[in-house]
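Engineer: Requesting a structural model of the entry that follows:
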Amino acid sequence: MSGTATLPVSSQPQEIAATTGHPAARRGAYNLPIGYLRAFITVLVVAHHAVLAYTPFAPPAASLLTEPRLWRAFPVVDTHHWSGFGIFTGFNDTFFMALMFFLSGLFVWESLERKGTRHFLRDRAVRLGIPFVAAAAVVAPLAYYPAYLQTAAPAGVRGYMAVWLSQGDWPAGPAWFLWLLLAFAAMAAGLYALAPGWGDALGRLVSRAGQHPGRFYWLLAGTSAAAYLALILIFDPFRWTTVGPFAFQTGRLLHYFVYYLAGIAVGAWGLQRGLLSSGGMLARRWLLWMVAAFLAFVAASGVFLAVISAKSSLGMWTTLGGITFALSCAASSLAFCALFVRFVNSGSAIADSLRDNAYGIYILHYPCVSWLQYALLGAALSGLVKGVVVTLGAVAISWGAAAALRRIPAVARVI
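Structural biologist: Numbers count the residues shown, from 1 in each chain. Below you'll find the predicted structure:
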């Protein structure tokens, strides 16, 4: 993990002379708005997990072995709710993981060309694989212990581990993103070994995105919609596939890969002269994109409610839901990119610290969230107040823990 990135991609400033003619020289190696956007999305992830316990649709606590095992998404469930958190989490769910894959792809091509396939894969294995193993082996069991304590099962680590080991798989929590990102990186490296010019070809495909972001939007939304529909018409859109500690949302696998490839394409063409240029049309029309994101989410929400209540023609509603989901996802993703590219043009010490520690925050935040939620179960506070308290507390604790761990040189090289 680069010390200045939220996600494990190569975004450190590089000393590349512009006179060398190397493609990375024209692309630029680091982009402040993208670094801050990664940090913002990480905080959004923490907030999303922090308020799930207080959403109106949070399920009642149940045994860890009871199907469906909803405790994996809701480790702690409180009796205090706030309906606004349902809208907040619904909005997040439409776009923020796809945007994370997009941002993770931005510097892949530069890294492949600079390091080569072998070095790139070794770097990804260290920066993604080691944190994933640590998260699955230590962080996730710690995070899910409050779910066990909420049930009628006897307390105690021995009893908890007996139940944990009898599940048949090993939930890794939010770390699922890391292993899937590593798998995508391995695919990108494999393609680079077979066809060294494929990234530049993708870059040329989006070469006019800086002047025509609307065309890029329709290309991204259309491609991701096709990828999404290809799976949700076969599998339940809410289904997760799990093998040991490796999990992913089945219907969104290809959808996420499309966003990862889109990030590679935009990065290969160049951040300073393409879609994410500070002077490009995307940034200049940021307000239009924010309005479009709002309207697309409203449309997607309406169709989602219709899908939930549909008594017939479920295939038609599922198709329409998949299309509006893809439209909303692309609109929100580009809107946040536009907002940060337009307005982030100088740094601050606090924002830099958040950016530098955001990867660690992502890895460490889940037990902070669940234990704070568990601690507040008996508090006479509203769901809104509890959600805010858990969000702020989880960000602060995981931020401090990440900063402390990164003082260890070996850890800093990874996260």
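Engineer: Report the contact partners of the residue nearest the centre of the chain.
Structural biologist: Nearest to the mean C-alpha position of the chain, by CA atoms, centre = their mean, lies M97 at 3.2 Å. Residues counted as contacts of M97 (CB atoms under 8 Å, 6 or more residues apart in numbering) are 177, 252, 256. Just so you know, the C-beta spots here come from the backbone N, C-alpha and C atoms, and that holds for glycine as well.
Engineer: Relative to W164, which of these is nearest.
Structural biologist: F177 (21.4 Å; CB to CB).
Engineer: Show residues contacting the helix or strand harbouring the closest one.
Structural biologist: Element membership of F177 [criterion: DSSP states H and E] is helix 176-194. Contacts with helix 176-194, where a contact means CB under 8 Å, 6+ apart, come from 7-8, 97, 100-101, 104-105, 108, 112, 117, 120-121, 124-125, 128-129, 131-132, 135, 172, 198-199, 245-248, 253, 256-257, 260, 264, 362-363.
Engineer: how far is whatever helix or strand comes next after it from where the chain is centred?
Structural biologist: Beyond helix 176-194 on the C-terminal side, the first helix or strand identified by DSSP H and E is helix 198-205. Mean-position distance between helix 198-205 and its chain equals 24 Å (CA atoms, centre = their mean, to the nearest Å).
Engineer: now swap in stretch 33-50 and tell me
Structural biologist: Centroid displacement of stretch 33-50 relative to its chain, using CA atoms, centre = their mean, is 8 Å.
Engineer: Now, the contacts of helix 176-194 that are in helices?
Structural biologist: 97, 100-101, 104-105, 108, 112, 117, 120-121, 124, 131-132, 198-199, 253, 256-257, 260, 264, 362-363 (DSSP state H).
Engineer: Just the buried ones among those, please.
Structural biologist: Buried members of these, counted by 16 or more other CB atoms under 10 Å: 97, 100-101, 104-105, 108, 112, 117, 120-121, 124, 131-132, 198-199, 253, 256-257, 260, 264, 362-363.
Engineer: Count the neighbours of V395 for me.
Structural biologist: 20 (other CB atoms under 10 Å).
Engineer: same question but for G214, I mixed them up
Structural biologist: A count of nearby residues for G214, using other CB under 10 Å, gives 16.
Engineer: Which of the helices or strands spans it?
Structural biologist: Judged by DSSP H and E, G214 forms part of helix 213-232.
Engineer: Pull out the buried residues from whatever helix or strand comes next after that helix.
Structural biologist: Sequence-wise, the next helix or strand downstream of helix 213-232 (DSSP H and E) is strand 240-243. Buried positions in strand 240-243, judged by neighbour count with 16+ other CB under 10 Å: 240, 242.
Engineer: mind checking how far strand 240-243 is from the chain centre?
Structural biologist: The answer for strand 240-243 is 18 Å, by CA atoms, centre = their mean.
Engineer: One more: stretch 294-301?
Structural biologist: 20 Å.
Engineer: what sits up against it?
Structural biologist: Contacts to stretch 294-301, defined as CB under 8 Å, 6+ apart, come from residues 90-91, 94, 321, 324-325, 327-328, 331-332.
Engineer: right, and W240 touches G251 too?
Structural biologist: No - assessed by CB atoms under 8 Å, W240 is found out of contact with G251, at 9.5 Å.
Engineer: tell me the contacts of R252?
Structural biologist: R252 sits next to 97-98, 228, 231 when contact means CB under 8 Å, 6+ apart.
Engineer: how about a markdown table for these, with distance to G280 and pLDDT added?
Structural biologist: Below are those laid out as a markdown table (distance: CB to CB, whole Å; pLDDT from 0 to 100):
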| residue | distance to G280 | pLDDT |
| --- | --- | --- |
| M97 | 25 | 97 |
| A98 | 21 | 98 |
| Y228 | 27 | 97 |
| L231 | 33 | 95 |
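Engineer: Out of these, flag the one nearest to F336.
Structural biologist: F336 lies nearest to A98 out of the contacts of R252, by CB to CB, at 11.3 Å.
Engineer: Tell me which of the contacts of stretch 294-301 has the lowest pLDDT.
Structural biologist: Lowest pLDDT among the contacts of stretch 294-301: G321, with 91.
Engineer: Can you name the residues that contact it?
Structural biologist: G321 neighbours (CB under 8 Å, 6+ apart): 237, 300, 303-304, 306-307.
Engineer: Check V163 too.
Structural biologist: By CB under 8 Å, 6+ apart, V163 lies in contact with 63-65, 148, 153.
Engineer: Give me the distance between the residue nearest to the centre of the chain and T250.
Structural biologist: 14 Å (CB to CB, to the nearest Å).
Engineer: Repeat that for A293.
Structural biologist: For A293, the distance to T250 equals 26 Å [CB to CB].
Engineer: where does the protein dip in pLDDT?
Structural biologist: Residues of the chain meeting the criterion pLDDT under 70: 1-30, 310-314.
Engineer: show me the biggest helix of it in terms of residues.
Structural biologist: Per DSSP H, the chain has its longest helix at helix 314-343.
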